[in-house]
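Trainee: Next one to model:
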Amino acid sequence: MDLQDRLYRLRKERGLSQEELAHSLGVSRQAVQKWESGSSRPDLDNLTALAQCLQVSLDYLILGKEETPPQEEPPAAYAPFWAWHYEYKSKATLFGLPLVHINVGHHGLYWARGIIAVGNLATGVFSLGGLSAGLLSVGGMSVGGLALGGLGVGLAALGGLAVGALCAIGGLALSLGLAMGGGAVSASWAIGGGAMAGQIAMGGAASAPIAIGEAATGAVTFPKDGWGPGTGQAIRSAIQTMFPHTPGLLVEIFSQFL
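Mentor: Below is the predicted model:
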């Protein structure tokens, strides 16, 4: 059995695709394909990485020599490493994509692509994964129309760091529309501990043309020490005069939540 045959058999035994093995090694899928066809051979660095990934010795991978087992096996001090992988792909499709694709595992970057996608890396209309992208995406890092994650980027985003075109809510929120968070920065409206906006800002420290807060900086300001019974109406009048196209709900939020 030649190197290419051993490489093919070991990869299949471990349930890895050429793409998954290539990702683990940091090479292209075409490189793995050439190694298995015998049209090229991996260099020493790639041979070492292959042996580690496939959990065999270099001697066995290159020459097919089995390692001599020790006479006495020492007691295991810890549980051996094991990898798991699960994949399900529905037969029904829409626009060429499976309706449901689940591709998750312990070792490697498993990519799920479907209308509903769940994987280490997921892309779909609805996606759930460590890295996810979709119309509705949930993950450690998510990109989508509605994105929820540690880092969320989308039309509407919710996360530790949230960047949204229309709305962003998070520890640090950046938006062209409404930003809400510990630190909120927006081209239009911002609410947060520290709030900066192109139109209206409200927070502990607020900076905007209309600024409402304990420390307020702007063309028209409503500092906390000056709030009184008529402050809400004064804020409403200022907003309607300077920014008459502000949505009514936001006008009420800025004028009522003092």
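Trainee: And the strands in the stretch 151-258 of the chain?
Mentor: 178-186, 189-197, 200-207, 210-217, 220-223 (DSSP state E, counting those that start in this stretch).
Trainee: Out of those, the one nearest residue 86 is which?
Mentor: strand 178-186 (36.3 Å; CB to CB). Quick note: C-beta positions are derived from backbone N, CA and C, even for glycine.
Trainee: For the stretch 1-150 of the chain, just list every one of the helices.
Mentor: Taking DSSP state H, counting those that start in this stretch as the test, the helices found in the stretch 1-150 of the chain are 3-13, 18-25, 29-37, 44-54, 58-63.
Trainee: possible to save the ones you listed as TSV with mean pLDDT and mean neighbour count?
Mentor: Output for those, formatted as TSV (pLDDT from 0 to 100; neighbours: other CB atoms under 10 Å):
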stretch	mean pLDDT	mean neighbour count
helix 3-13	86	16
helix 18-25	88	19
helix 29-37	89	16
helix 44-54	86	16
helix 58-63	80	15
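Trainee: of all those helices, which lies closest to residue 102?
Mentor: It is, among the helices of the stretch 1-150 of the chain and with distance given as CB to CB, helix 18-25, at 15.4 Å.
Trainee: Look up which residues are beta-bridged to the nearest residue to residue 139 once chain neighbours are set aside.
Mentor: The spatial neighbour of residue 139 that comes closest, neighbours along the chain excluded (CB to CB, 6 or more residues apart in numbering), is residue 132 at 3.5 Å. In this entry, residue 132 is beta-bridged to residue 122, residue 142, by DSSP bridges.
Trainee: of all the helices of the stretch 1-150 of the chain, which lies closest to residue 175?
Mentor: Nearest of the helices of the stretch 1-150 of the chain (CB to CB): helix 18-25, 34.3 Å.
Trainee: helices or strands up against the closest one?
Mentor: helix 29-37, helix 44-54 (3 or more CB pairs under 8 Å, 6 or more residues apart in numbering; DSSP states H and E).
Trainee: Mind doing that once more with 10 Å?
Mentor: Using 3 or more CB pairs under 10 Å, 6 or more residues apart in numbering; DSSP states H and E, the elements in contact with helix 18-25 are helix 3-13, helix 29-37, helix 44-54, strand 111-113.
Trainee: how near is the residue lying closest to residue 87 once chain neighbours are set aside to residue 60?
Mentor: Spatial nearest neighbour of residue 87, chain neighbours left out: residue 103 (4.6 Å); criterion: CB to CB, 6+ apart. Remark: distance between residue 103 and residue 60 (CB to CB, to the nearest Å) = 30 Å.
Trainee: What of residue 142?
Mentor: Residue 142 is 42 Å from residue 60, by CB to CB.
Trainee: do residue 182 as well
Mentor: In this structure, residue 182 and residue 60 are 55 Å apart, going by CB to CB.
Trainee: Check residue 187 too.
Mentor: For residue 187 relative to residue 60 (CB to CB), the value is 61 Å.
Trainee: Good, we can wrap up now.
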